[in-house]
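# Kindly generate the corresponding structure for this input.
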Amino acid sequence: MDYKLTPELVNKIIKEIEMEENLRRKRIAWDSDQIKNGNLKQYVEKRIQQMYPKTWKMYTVTDYSILKKIVDKKSKAYNEAPIRRVQGENAATEIYQDICRRNNLNGAMKTFDEINNQHKHALMACFMDRTQGPVASSQLYWKFYALAPYEYDVVRDNDGKVRVVVLSYPSNYVTTRGMSDQYNALIAESGNYDEGSERFYSFWTDVEHIMVRVTGSSGKKSSLKIEFMPPTPEADGTNPYGILPFVYAPLDYENNYPIPSPLPMQTVELNALMSVYLTSANMQVGVLKITRPEKQKLTISSHSLYTAIEAPQSSRPEDGPTNVEFISPQPNMAGHKEAIQTYLTTILDEQGINGSQVINGTQEFNSGLDRLLAQADTQQIIEENQNIYSKAEEEIYKVVAQQMASVGQNVLSADGFTVIYRKPKVMISDNEKLQNLKTMKELGLWADYELVQMYDPNLSIDEAKQKILDIQTSRVEMATMFTDPTKVFNGAQVSSIVEVASRVASGELERTSGVNILITSFGVNKEQAELMIPTEGSSQNGNQPG
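Predicted coordinates for the structure are as follows:
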């Protein structure tokens, strides 16, 4: 299929964008953001009104956003900035890392992570500021920002590759009205547009960038009018980058958009149930019941929190006594709470989050939910997300490389880019960690560099070995300083001593021989030599040769 932005193709795409099915998908995404970002209460009130149309105003409304809690729990892929490298290109690596740091790619990717966990797909925009002109790379600027599903549409080919991206908020003079106003106009409840309403779309392909103004609707009673906007410096009809400045994820989904997550409406339903639960707990004050044979004047007095009622008795023997009592409601609070917990567990299981905790006490209900989520394990989800984002990072790198080439700066190679996500550190105390490492060392099943990696999982094998070498060098220098202050070794002598120590550590040389070499070759005493030489074979992995 030819993806040249002809009036026929643009017309077809816009009709699909404005179909009710697509608008419904965007409404769900919009509602999801509202529920996540602080406007949950109005949705809960509407649901309670549906459940109890006559008494809904009497209910205590909760707005505990389990949606936000779950999204935040999953969105940990960029808690620490990953390591971005260009294979075999140290200069290119430094340039790209500088671009990422100056233009806050990590912050944009964190938002990207949150959007993907919330909506199951996201789009990253990568715009280079070409107004700087072909100058040094350190003076070029990028705008990286993640887009929510209601802000764009994509057209993909049969292989799943994005060929056209359509933005619904294309320029400043459109967005000055505010995103919410524009979006509400776009997704009017009827699904149709007024004859005089107008919408603006920005179309992007690898080679084209155009602005389109749309009026009318595609309904039977009116015709859709599409007008190509006059060229501007921002949209002159061509894509100046020569590459689509967007990266879509997940990259391995089928061509259709993912089915919207049920989590937003589940959040509303959970809060409706919690509202009923808390209202039931608050209304157990009872109902006053007075039984009397004839109309009599009752005297009521109050003192502090107490109320006294004087109930006169009938003077007729055949009449029964006057009784005053409270009828206390006894709702099944335990059963109600168990039902809520079961529903919550179902939501967590559906989201791939495993956690278990008994929530006791009405006052501790919300804090119990927080504790349950805090104890949930989401590491597998985070690692799966990182696998997706590593592909997105590769695509972002290619976009940046091509954008730099478009201004004559071919400083980033097209291939060989890798991103390394830092592994989470074990959450135990330093004392426990060191004790565990000491035990492992005594067992002799791990090499020294492996123990260093266990202490700091973010170190590579080479970095861990270098750290051991640095420690050995420091040990030699410190041993000399404190055992014989009059003896000072030069750099070559220190290197030789470290070499001997390293050979002993690797198992190539017996420790006794290493000690003797230091005594005879460097004039140190036995105490100094033993201090400088590590345990024999300490850098080997058990019985495996080095």
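# so how far does stretch 402-422 reach from one end to the other?
End-to-end distance for stretch 402-422: 27 Å, by Cα to Cα, to the nearest Å.
# Pull out the buried residues from that stretch.
For stretch 402-422, the buried set under the neighbour-count rule, 16 or more other Cβ atoms under 10 Å, comprises 402-407, 409, 412, 417, 419, 421. For every residue, glycine as well, the C-beta is placed using N, CA and C.
# ok, of those residues, which one's closest to Pro312?
For the buried residues of stretch 402-422, the minimum distance to Pro312 (Cβ to Cβ) is 80.9 Å, reached by Tyr421.
# who are the neighbours of the helix or strand hosting Glu394, in terms of helices and strands?
For Glu394, the element it lies in under DSSP states H and E is helix 379-405. The contact analysis (3 or more Cβ pairs under 8 Å, 6 or more residues apart in numbering; DSSP states H and E) places helix 379-405 against helix 66-74, strand 83-86, helix 90-102, helix 105-119, strand 122-128, strand 142-147, strand 246-249, strand 417-420.
# what angle separates the first one from helix 379-405?
Which is helix 66-74. Interaxial angle of helix 66-74 relative to helix 379-405 (axes from the mean of the first three to the mean of the last three Cα atoms, to 10 degrees): 80 degrees.
# Glu499 and Ile66: what is the separation?
If you measure Glu499 against Ile66 using Cβ to Cβ, to the nearest Å, the figure is 60 Å.
# same check, this time on Leu459
Taking Cβ to Cβ, one finds Leu459 at 37 Å from Ile66.
# okay, those two: which has more neighbours?
Ile66 (24 against 17; other Cβ atoms under 10 Å).
# Now for that one: which residues touch it?
263, 266-267, 270, 344, 347, 369 (Cβ atoms under 8 Å, 6 or more residues apart in numbering).
# Check it and give its pLDDT.
Listed pLDDT for Ile66 reads 90.
# Could you do Thr60 as well?
So, for Thr60, pLDDT stands at 86.
# Report the secondary structure state of it.
The three-state assignment at Thr60 reads coil, by DSSP: H, G, I helix; E, B strand; the rest coil.
# Give me the phi and psi for it.
The phi/psi pair for Thr60 (degrees, to the nearest 10) reads phi -80, psi 120.
# ok, it to Ile48 distance?
10 Å.
# Those two - which one has more neighbours?
Ile48 (24 against 15).
# Pull the contacting residues for the more buried one.
By Cβ under 8 Å, 6+ apart, the neighbours of Ile48 are 56, 59, 61, 272, 275-276.
# redo that, cut-off 10 Å
55-61, 268, 271-273, 275-276, 279 (Cβ atoms under 10 Å, 6 or more residues apart in numbering).
# Out of those residues, which is nearest to Glu394?
Once Cβ to Cβ is applied, the member of those that ends up nearest Glu394 is Val268, at 38.0 Å.
# Can you tell me the SS state at the closest one?
With three-state DSSP as the criterion, Val268 reads helix.
# from memory it sits against Lys46, does it?
Yes: counting by Cβ atoms under 10 Å, Val268 does reach Lys46; the two are 8.2 Å apart.
# When these two are compared, which one has more neighbours?
Val268 (24 against 12).
# Helix, strand, or coil at the residue nearest to that one when sequence neighbours are not counted?
Excluding the flanking residues, the one nearest Val268 by Cβ to Cβ, 6 or more residues apart in numbering is Tyr43, at 4.7 Å. Following three-state DSSP, Tyr43 is assigned to helix.
# Could you do Arg163 as well?
Under three-state DSSP, the three-state class of Arg163 is strand.
# Mind splitting the protein into its structural domains?
Domain segmentation of the chain under automatic domain parsing yields 7-37+67-73+104-260, 285-327, 430-532.
# out of the ones you listed, nearest to Arg85?
Comparing the domains of the chain by Cβ to Cβ, domain 430-532 comes nearest, at 11.0 Å.
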